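**Student:** show me how the following folds:
(one chain, ligands or ions: 1)
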Amino acid sequence: MVTGPDGALSLPWLRPVLDRALAQVRGHSTLVHGPGGVGQFELAIALAQAWLCEAEGPGQRPCGRCAACHLMQARMHPDFHLLLPDALREPLGWGGDAEGGAKEGGEGKKAKPSREVRVEAVRAAIDWSQQTSSRGKGKVVVIHPAQAMNAIAANALLKTLEEPPGSVRLLLCTHDPESLLPTIRSRCQRLAVPRPERAVALAWLEAQGAREADVLYDASGEQPLEAVAMLRVGIDAAAWRRLPASLQRGEASALTPWPLPRAIDALQKLCHDLMAAAVGAPARYFAAADLPPGAALPALAGWQASLRRAARHDEHPWNAPLLVEALVAEGRALWPPARAGTPHRLGTLSSR
Ligand SMILES: [Zn+2]
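**Tutor:** Model prediction:
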């Protein structure tokens, strides 16, 4: 839910951005950009709702109370069209509506949800945008993330960006404007969604149920929506703080319940911070006090390469626990082994 019944935004730091957008966005095509995990998508939805809002007279937009706002909140507004890869529908709460997302594979077999905005979906949106507005407030298309369009899909959109039919407005969201075709970028007005003030983000995270919100916020790379996504899969501040010591002991059990991409992401962040510590730079994702000293730089470089390889293949979950254990075993070797004669645990990989 992007807005409450009073029109208040669920991500409070977006309000000034939305007000600025309502005052300044004049063109048909807008590129909503900013760092990842701060809410470009939510801003685009709120802006679409504000444009379609049917409240009379002065006051905040969206109002959250009119028929159009109710239709947006129910995801049923006839003048709103969302282009989203199938893989993002569930995570963003727009599941169930596979519009424009023809699935590959077929009968009875569940195909892997696509990470692309397909050219067929773009063409369908263009056709849709050429029909008259149902409620008379214009039409809005949101494309998220814009870089999920491949070159063919992006080219299909170009003409519409250049000469948008009638009253349609397009909102393209991205955390990486440079990855888009220059011809797409140049046809859009830019709207920046900045990172919230740290205190604002921490207060919001606490309201979402985060303990030690500052630990979780740093763990997320200062991406508030990412921090909440981590919390939802069981990665809380306490688990995060235990991770460096677990690695040094060669214990993978803390990581194996996490989704594989999350486990690899955590190890990559730990590797980053151990490298930073080894050269005297500040840690970014972990508290410096939680990082065991003495990890050797050459070994860290090798581990980093293994983690990168694993991250490229993190969509193969059948070997997930084994892969995590192998990565942890390699990570454990960053520190000098226990002295001969000292009893030590069997490597977790060899115990399988
Ligand atoms: Zn309204």
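**Student:** all contacts plus neighbour counts: C-alpha atoms, from now on.
**Tutor:** Noted.
**Student:** doesn't Glu54 belong to a strand?
**Tutor:** No. Read with DSSP: H, G, I helix; E, B strand; the rest coil, Glu54 is coil and lies in no strand.
**Student:** burial check on it, number of neighbours?
**Tutor:** 20 (other Cα atoms under 10 Å).
**Student:** contacting residues around it?
**Tutor:** 66-69, 137 (Cα atoms under 8 Å, 6 or more residues apart in numbering).
**Student:** out of the residues you listed, who's the most crowded?
**Tutor:** Most crowded among the contacts of Glu54, counting by other Cα under 10 Å, is Cys69 at 27 neighbours.
**Student:** leaving aside the residues next to it on the chain, what's closest to it?
**Tutor:** Closest residue to Cys69 apart from its sequence neighbours, by Cα to Cα, 6 or more residues apart in numbering: Cys53 at 5.8 Å.
**Student:** ramachandran angles for the one you found?
**Tutor:** phi -60, psi 140 (degrees, to the nearest 10).
**Student:** I'd guessed it sits against His70; true?
**Tutor:** No. In this structure, Cys53 is not within contact of His70 by Cα atoms under 8 Å, at 9.3 Å.
**Student:** neighbour-wise, which of the two wins?
**Tutor:** Cys53 (22 against 17).
**Student:** OK, contacts around that one?
**Tutor:** 61-63, 66, 68-69, 137.
**Student:** which of the three states applies to Leu161?
**Tutor:** Classification of Leu161 by three-state DSSP places it in helix.
**Student:** er, Leu170 actually
**Tutor:** Looking at Leu170 with three-state DSSP, the answer is strand.
**Student:** give me the number of residues near the spatially closest residue to Ala299 that is not a sequence neighbour?
**Tutor:** Closest residue in space to Ala299, ignoring its immediate chain neighbours: Leu334 at 5.7 Å, by Cα to Cα, 6+ apart. For Leu334, the count of nearby residues is 21 (other Cα under 10 Å).
**Student:** number the chain from 775, please
**Tutor:** Fine by me, first position is 775 from now on; the one you just mentioned is Leu1108.
**Student:** related to what we said a few turns ago, how about the contacts of Cys827, which pair is most distant?
**Tutor:** Farthest-apart pair in those is Cys837 and Lys911; separation 14.6 Å (Cα to Cα).
**Student:** what does the stretch 775-924 of the chain put close to the ion?
**Tutor:** By Cα under 5 Å from the ion, the part of the stretch 775-924 of the chain that sits against the ion consists of 827, 829, 836-838, 840, 843.
**Student:** in TSV, list the residues you listed along with secondary structure and pLDDT.
**Tutor:** Converted to TSV, those look like this (DSSP: H, G, I helix; E, B strand; the rest coil; pLDDT from 0 to 100):
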residue	secondary structure	pLDDT
Cys827	coil	97
Ala829	coil	95
Pro836	coil	95
Cys837	coil	95
Gly838	coil	93
Cys840	coil	96
Cys843	helix	96
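**Student:** does Asn781 really touch Arg835, like I thought?
**Tutor:** In this structure residue 781 is Gly, not Asn. Yes. Counting by Cα under 8 Å, Gly781 touches Arg835, with 7.1 Å between them.
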